[in-house]
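[1] only geometry, no sequence info:
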Ligand SMILES: Nc1ncnc2c1ncn2[C@@H]1O[C@H](COP(=O)(O)OP(=O)(O)OP(=O)(O)O)[C@@H](O)[C@H]1O
Ligand SMILES: [Mg+2]
């Protein structure tokens with residue numbers, strides 16, 4: 001079993017380069033029996049309910065599943081925007097699930113997230129250069145010139161012209177903004193990028209370009225991906241392995257090609273049908289296909305039913321997305 005103290009001591013105060021050789025043979029990320037809850041007016045709601053999977057070094061794993069099944073909650077727990085109630089998130093040998101912030105900080109740079117809506121996640125008042133340089137400042141690169149040079153390299157790396165450096169998010173297209181989001185995420189040289197529907201808001205041709213970029217980056221740098229998607233077409237493009245979630249649990253897993261060739265779970269079959277529907281390539285969620293395939297999604301008490309009744313809102317109109325484990329249990 002890994003000793004957190006030893007690993008944290010090994011990373012704190014270092015330059016944060018990938019780590020601890022003792023664990024180098026294992027997977028980059030191992031998620032074990034992870035549970036994440038939200039405090040709701042009805043009590044704690046398990047949005048992630050005992051999930052297990054691994055992401056190999058330099059590999060890619062896709063997480064798919066119907067709307068509301070817990071994908072974003074899982075992603076937010078992996079980058080510790082949410083603190084899990086129980087389970088382990090073992091990053092390169094260190095269980096980060098319950099690490100206090102002080103000990104988590106040196107590891108944060110190693111897992112970065114790219115969000116679905118780059119517009120919402122990029123400060124519209126900052127230039128692209130400032131946006132991309134900010135994580136460098138946080139990581140302790142105190143030399144402004146050095147930060148600016150690295151930001152320029154990253155902007156170039158994601159395929160934007162140098163003229164982009166002085167422009168602000170509203171002056172970019174959706175695909176360009178997503179490239180800036182990716183450049184920002186790469187700034188701290190992470191080992192793992194968690195992409196939560198990073199391409200689903202994009203037009204299909206732009207989506208393909210961003211997927212190409214992600215593939216190139218992986219070939220060049222060995223970065224690993226955890227890619228959340230609704231669309232099995234995207235999964236096929238980017239990921240060798242896939243897990244399928246439903247109502248907070250993993251219901252199917254395997255090599256992408258095998259799962260797509262003969263999906264076992266009704267939800268996976270429905271997703272597969274949806275992925276053959278060209279409208280879903282643009283990010284339309286295959287709710288109709290799924291509810292037809294899954295009778296229990298109609299059960300009023302199932303999280304799936306709650307989610308489809310209210311696809312964008314939480315199950316109840318709750319205050320901040322604070323997991324109950326962080327003291328908001330009511
Ligand atoms: N802050 C919150 N408080 C309470 N419940 C929440 C909160 N955020 C999400 N939920 C609920 O947790 C469940 C999982 O939500 P999550 O956003 O993780 O789903 P998702 O799989 O990412 O869905 P989508 O595909 O629509 O993005 C849903 O039932 C949702 O209503
Ligand atoms: Mg989501």
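    That came through fine. Nothing here was measured: the structure is a model prediction, and the numbers come from that model. Ligands and ions are numbered 1, 2, ... in the order given.
[2] Tell me, how many residues neighbour the nearest residue to residue 48 once chain neighbours are set aside?
    Taking Cβ to Cβ, 6 or more residues apart in numbering as the measure, residue 48 lies nearest to residue 36, with 4.0 Å between them; neighbours along the chain are not counted. The way it works is simple: take the backbone N, C-alpha and C, and place the C-beta from them, glycine included. Applying other Cβ atoms under 10 Å, we find 27 residues neighbouring residue 36.
[3] helix/strand/coil for residue 76?
    Taken by DSSP: H, G, I helix; E, B strand; the rest coil, the conformation at residue 76 corresponds to helix.
[4] and the gap between the residue nearest to it when sequence neighbours are not counted and ligand 1?
    Excluding the flanking residues, the one nearest residue 76 by Cβ to Cβ, 6+ apart is residue 82, at 4.6 Å. The span separating residue 82 from ligand 1 equals 9 Å under the rule Cβ to the nearest ligand atom, to the nearest Å.
[5] how about the helices of this structure, start to end?
    Counting by DSSP state H, the chain has helices at residues 4-11, 71-78, 101-108, 118-121, 128-138, 144-157, 174-186, 204-221, 232-238, 256-261, 266-276, 278-281, 287-293, 303-309.
[6] how many neighbours does the residue nearest to residue 76 have?
    Number of residues near residue 82 (other Cβ under 10 Å) recorded here: 23.
[7] circling back: tabulate the helices of the chain in JSON lines, adding columns for mean pLDDT.
    Formatted as JSON lines, the helices of the chain follow (pLDDT from 0 to 100):
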{"stretch": "helix 4-11", "mean pLDDT": "30"}
{"stretch": "helix 71-78", "mean pLDDT": "96"}
{"stretch": "helix 101-108", "mean pLDDT": "90"}
{"stretch": "helix 118-121", "mean pLDDT": "74"}
{"stretch": "helix 128-138", "mean pLDDT": "92"}
{"stretch": "helix 144-157", "mean pLDDT": "94"}
{"stretch": "helix 174-186", "mean pLDDT": "92"}
{"stretch": "helix 204-221", "mean pLDDT": "89"}
{"stretch": "helix 232-238", "mean pLDDT": "84"}
{"stretch": "helix 256-261", "mean pLDDT": "88"}
{"stretch": "helix 266-276", "mean pLDDT": "76"}
{"stretch": "helix 278-281", "mean pLDDT": "53"}
{"stretch": "helix 287-293", "mean pLDDT": "49"}
{"stretch": "helix 303-309", "mean pLDDT": "34"}
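[8] Which among these is found nearest to ligand 1?
    helix 71-78 (3.2 Å; Cβ to the nearest ligand atom).
[9] anything in the closest one near ligand 1?
    Yes. With Cβ under 6 Å from any ligand atom as the threshold, helix 71-78 lies in contact with ligand 1, specifically through 71, 72, 73.
[10] do stretch 199-216 as well
    No. Stretch 199-216 lies apart from ligand 1 when judged by Cβ under 6 Å from any ligand atom; the minimum separation is 8.9 Å.
[11] From ligand 1, how far out is the residue nearest to residue 48?
    From residue 36 to ligand 1 the distance is 8 Å (Cβ to the nearest ligand atom).
[12] For that residue, which residues are in contact?
    Applying Cβ atoms under 8 Å, 6 or more residues apart in numbering, we find residue 36 in contact with 46, 47, 48, 70, 73, 74, 77, 82, 84, 85, 323.
[13] okay, now the domains of the protein?
    The record's domain parsing of the chain by automatic domain parsing lists 58-80+190-311, 117-189.
[14] okay, those domains in a markdown table with mean neighbour count next?
    Putting the domains of the chain into a markdown table (neighbours: other Cβ atoms under 10 Å) gives the following:
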| stretch | mean neighbour count |
| --- | --- |
| domain 58-80+190-311 | 20 |
| domain 117-189 | 18 |
